[in-house]
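Novice: Any chance you could fold what I've pasted below:
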Amino acid sequence: MKILLLDLDTLRPDHLGCYGYSRNTSPNIDKIAEQGMRFNNYYCSDAPCLPSRASLMTGRFGIHTGVVGHGGTAADQRLEGEGRVMQDANARDNLPSLIRKYGYHTALVSSFAERHAAWWFYAGFNEVHNVGKRGMESAEEITPEVLKWIEANKDKKNWFLHVNYWDAHTPYRAPKEFGNPFENEPLPECDWITDEVLDKHKKKIGPHSASELSMYDNEVPIRFPRMLGEITNQKELRETMDEYDCGIKYMDGHIGQILKALEDNNMTEDLAIIVTADHGENMGELGIYEEHATADLPNCHIPMIIKWPNSQGGREDNAFHYNLDLIPTLQDLLGEPPNQRINAKITGKVTPPEWDGISYAKTVVSGEAEGRDYLVISQCAHTCQRGVRFGKWLYIHTYHDGYHLFDDEMLFDIETDPQEQFNIAEKHPQICYEAVYKLHKWHKDMMLSMDSQIDPLWTVIAEGGPFHAKGHLKEYCKRLKETGRGYGIEELKRRHPREFE
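Specialist: Numbering: from 1, shown residues only. Prediction:
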């Protein structure tokens with residue numbers, strides 16, 4: 001069998017046609033969904049890029065891998081210590097290592113490991129192709145490598161190819177000559193950002209607000225002409241949304257080239273295709289634009305589409321799943337590995353993988369519902385937050401606000417307020433109590449199931465805060481004064497006194 005994993009950075013499912021988006025951003029991804037199964041409540045356990053892919057590849061929560069941030073101690077995986085044998089867990093039980101146990105040739109086309117110095121990301125791959133731009137490349141630089149690989153491997157029976165595209169990630173980088181295929185179309189799903197709402201967003205304090213699309217200022221990056229420095233009116237709002245959709249459309253066209261090459265080389269028989277993302281993107285939610293900064297719906301809700309051979313297409317699943325559930329699911333779909341290695345010197349038996357994931361293979365094969373009662377989602381790179389997704393609710397507890405002045409507790413009714421405009425925590429204390437109970441139970445289970453008694457979220461805070469919100473506050477306060485938003489400075493000083501020492 002052949003397995004193609006399309007790992008599409010910063011892709012919100014609600015901007016794909018197969019998830020109900022009215023713009024034609026994703027015709028090729030939509031075709032895959034027509035032939036496979038679409039998962040509607042799929043979440044990354046730990047956002048953004050580095051923590052999410054650590055969980056995807058290991059099948060473990062960030063609190064277990066140790067990777068919850070983009071810098072400092074919490075950007076590195078925990079050491080296995082004195083019990084480590086010749087190969088570590090990445091070499092034995094991560095995603096490509098598992099697939100190799102079945103006799104598959106594994107290949108990666110991605111610059112992700114170099115972008116984050118996450119060299120463990122290469123573990124388990126027979127081949128690694130890195131175009132060398134650390135995630136700043138666009139699709140026309142990636143696709144030729146993929147097409148070359150397909151041509152060279154058209155006679156191989158069993159392979160796993162992991163392809164990573166970045167075009168929906170800021171800075172939006174679709175070539176200018178691609179134009180804007182949406183310039184004459186209505187702007188969908190954004191009518192909630194009225195002039196009144198946009199005015200509030202312009203007054204908001206925090207990086208990547210409408211007044212600081214470049215994080216802490218409104219400088220326009222010259223080498224990326226599709227990027228704006230700020231959003232001051234509805235025209236610029238539309239331009240921002242259009243450019244995100246252009247990135248998706250441009251990437252989807254290149255996915256179409258891959259699908260055509262597979263078909264032209266007679267490689268579609270017994271072909272599995274998995275389409276997913278590491279995280280989504282704030283596009284106005286919580287007053288943040290063009291960033292993946294929070295533990296909430298737009299950031300942690302991701303697409304998952306699986307086209308599996310001999311399975312019925314055009315189906316959907318509404319159960320709760322994590323991205324870390326993929327590894328045990330693939331093991332169940334592929335069956336027991338034929339050559340399980342036994343380390344007799346240590347245990348005399350096969351050591352089971354330490355995955356946190358739960359298989360949903362029955363859902364893929366027959367549509368039988370297999371999911372979780374609730375999810376705990378995390379963010380520690382821009383803010384420090386943990387969220388609980390259950391029923392129609394999203395509860396978020398903020399440990400470090402990333403200079404956004406968030407309330408400690410936020411509760412949203414996702415069914416009626418998917419844009420997270422109205423914090424109703426005070427109106428529903430009982431729901432908050434339930435969420436806190438679920439969060440506490442999850443945390444207790446996590447802490448009891450690992451050797452270390454250190455929660456990496458608290459390591460991030462002890463080391464000065466999230467990587468993208470550390471050391472910027474004094475300069476940012478100057479900008480707040482210059483832009484008439486000095487009213488928040490005293491509260492920032494109260495919350496983050498260490499930044500002013």
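
Novice: Run through the strands of the stretch 351-500 of the chain in chain order.
Specialist: Taking DSSP state E, counting those that start in this stretch, the strands of the stretch 351-500 of the chain run over residues 375-379, 384-390, 393-400, 409-413.

Novice: Single out the most deeply packed of the ones you listed.
Specialist: Of all the strands of the stretch 351-500 of the chain, strand 375-379 carries the top mean neighbour count, a mean of 27, counting by mean count of other CB atoms under 10 Å. The way it works is simple: take the backbone N, C-alpha and C, and place the C-beta from them, glycine included.

Novice: Report the distance from that strand to the chain centre.
Specialist: With CA atoms, centre = their mean, to the nearest Å as the basis, strand 375-379 stands 11 Å off its chain's centre.

Novice: Poorly predicted segments of this protein, please.
Specialist: Residue ranges of the chain with pLDDT under 70: 339-352.

Novice: let's see 80
Specialist: 189, 337-352 (pLDDT under 80).

Novice: Which elements pack onto the longest helix seen in it?
Specialist: Criterion DSSP state H: the longest helix present in the chain is helix 234-264. Counting contacts by 3 or more CB pairs under 8 Å, 6 or more residues apart in numbering; DSSP states H and E, helix 234-264 packs against strand 2-8, helix 27-35, helix 139-152, strand 159-165, helix 195-203, strand 282-283, strand 289-291.

Novice: In it, which residues are buried?
Specialist: 236-255, 257-259, 261-262 (16 or more other CB atoms under 10 Å).

Novice: relative to helix 27-35, how tilted is that helix?
Specialist: Relative orientation of helix 234-264 with respect to helix 27-35: 60 degrees, computed using axes from the mean of the first three to the mean of the last three CA atoms, to 10 degrees.

Novice: Show me what the helix or strand just after helix 234-264 pairs with in its sheet, parallel or antiparallel.
Specialist: Note on helix 234-264: by DSSP states H and E, the next helix or strand toward the C-terminus is strand 271-276. Strand pairing for strand 271-276, using DSSP bridges, gives strand 2-8 (parallel), strand 304-307 (antiparallel).

Novice: residues in contact with strand 271-276?
Specialist: Defining contact as CB atoms under 8 Å, 6 or more residues apart in numbering, one finds that strand 271-276 is touched by 1-8, 29, 32-33, 36, 42, 56, 262, 302-309, 323, 326.

Novice: same question, stretch 145-163
Specialist: Counting by CB under 8 Å, 6+ apart, 1-7, 96, 99-100, 102-110, 125, 127, 129, 131, 142, 257-258, 261-262, 265-267 sit against stretch 145-163.

Novice: buried residues in that stretch?
Specialist: Those would be 145-147, 149-150, 153, 159-163, for stretch 145-163 by 16+ other CB under 10 Å.

Novice: right, and the pair among the residues you listed with maximum separation?
Specialist: The widest separation within the buried residues of stretch 145-163, taken as CB to CB, falls between 147 and 160 and amounts to 17.3 Å.

Novice: Might you report the residue contacts of the closest residue to residue 110 other than its chain neighbours?
Specialist: Spatially, and ignoring its direct neighbours in sequence, residue 110 is nearest to residue 164 (3.5 Å; CB to CB, 6 or more residues apart in numbering). Shown in contact with residue 164 (CB under 8 Å, 6+ apart): 7-9, 108-112, 142.

Novice: Show me the helices in the stretch 1-150 of the chain, by range?
Specialist: 27-35, 49-58, 62-65, 89-93, 95-100, 112-116, 139-152 (DSSP state H, counting those that start in this stretch).

Novice: Mean neighbour count and distance to residue 76 added to the strands paired with strand 271-276, as JSON lines?
Specialist: JSON lines is the format used below for the strands paired with strand 271-276 (neighbours: other CB atoms under 10 Å; distance: least, CB to CB, whole Å):
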{"stretch": "strand 2-8", "mean neighbour count": "23", "distance to residue 76": "21"}
{"stretch": "strand 304-307", "mean neighbour count": "24", "distance to residue 76": "27"}
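
Novice: so which of those gets nearest residue 461?
Specialist: Taking those one by one with CB to CB, strand 2-8 is closest: 29.8 Å.

Novice: Would you mind getting the angle between that closest one and helix 49-58?
Specialist: Going by the same axes, to 10 degrees, strand 2-8 makes 160 degrees with helix 49-58.

Novice: Between helix 139-152 and strand 2-8, find me the angle.
Specialist: Going by the same axes, to 10 degrees, strand 2-8 makes 170 degrees with helix 139-152.

Novice: so strand 2-8 versus strand 159-165, what angle?
Specialist: Orientation check (the same axes, to 10 degrees): strand 2-8 against strand 159-165 gives 10 degrees.

Novice: gap between strand 2-8 and the chain center?
Specialist: For strand 2-8, the distance to the chain centre is 15 Å (CA atoms, centre = their mean).

Novice: picking up where we left off before, take the strands of the stretch 351-500 of the chain and write them to a markdown table, including distance to residue 20.
Specialist: Output for the strands of the stretch 351-500 of the chain, formatted as a markdown table (distance: least, CB to CB, whole Å):
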| stretch | distance to residue 20 |
| --- | --- |
| strand 375-379 | 21 |
| strand 384-390 | 19 |
| strand 393-400 | 19 |
| strand 409-413 | 19 |
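
Novice: and residue 73, which of those is closest to it?
Specialist: When the strands of the stretch 351-500 of the chain are compared by CB to CB, strand 384-390 sits nearest residue 73, at 13.8 Å.

Novice: and residue 109, what does it touch?
Specialist: Counting by CB under 8 Å, 6+ apart, residue 109 has contacts 129, 142, 145-146, 149, 161-164.

Novice: which pair in those residues spans the largest distance?
Specialist: Maximum distance among those (CB to CB): 13.2 Å, for 149 and 164.

Novice: Correct me if wrong: residue 364 contacts residue 309.
Specialist: No: in this structure residue 364 lies outside contact range of residue 309 using CB atoms under 8 Å: 10.7 Å.

Novice: which of these two has more neighbours?
Specialist: residue 364 (24 against 14; other CB atoms under 10 Å).

Novice: Just give the number of residues close to residue 447.
Specialist: Residues lying near residue 447 (other CB under 10 Å) number 14.

Novice: I meant to write residue 71 there.
Specialist: 17.

Novice: Find the nearest non-adjacent residue to it, please.
Specialist: Of all residues not flanking residue 71 in the chain, residue 467 sits nearest, at 3.4 Å (CB to CB, 6+ apart).

Novice: So the one you found sits against residue 70, correct?
Specialist: Yes: in this structure residue 467 lies within contact range of residue 70 using CB under 8 Å: 4.2 Å.

Novice: which residues do the two both contact?
Specialist: With CB under 8 Å, 6+ apart, residue 467 and residue 70 have common neighbours residue 381.

Novice: Which one of the strands of the stretch 351-500 of the chain lies nearest to residue 422?
Specialist: strand 409-413 (7.0 Å).

Novice: what is the orientation angle of that closest one with strand 393-400?
Specialist: 160 degrees.

Novice: what about residue 159, distance to residue 269?
Specialist: 13 Å (CB to CB, to the nearest Å).

Novice: what's the answer for residue 256, then?
Specialist: Going from residue 256 to residue 269 by CB to CB gives 19 Å.

Novice: now swap in residue 461 and tell me
Specialist: Distance of residue 461 to residue 269, given as CB to CB: 52 Å.

Novice: and if you look at residue 232?
Specialist: From residue 232 to residue 269 the distance is 54 Å (CB to CB).

Novice: what do you get for residue 255?
Specialist: From residue 255 over to residue 269 the distance is 19 Å, taken as CB to CB.
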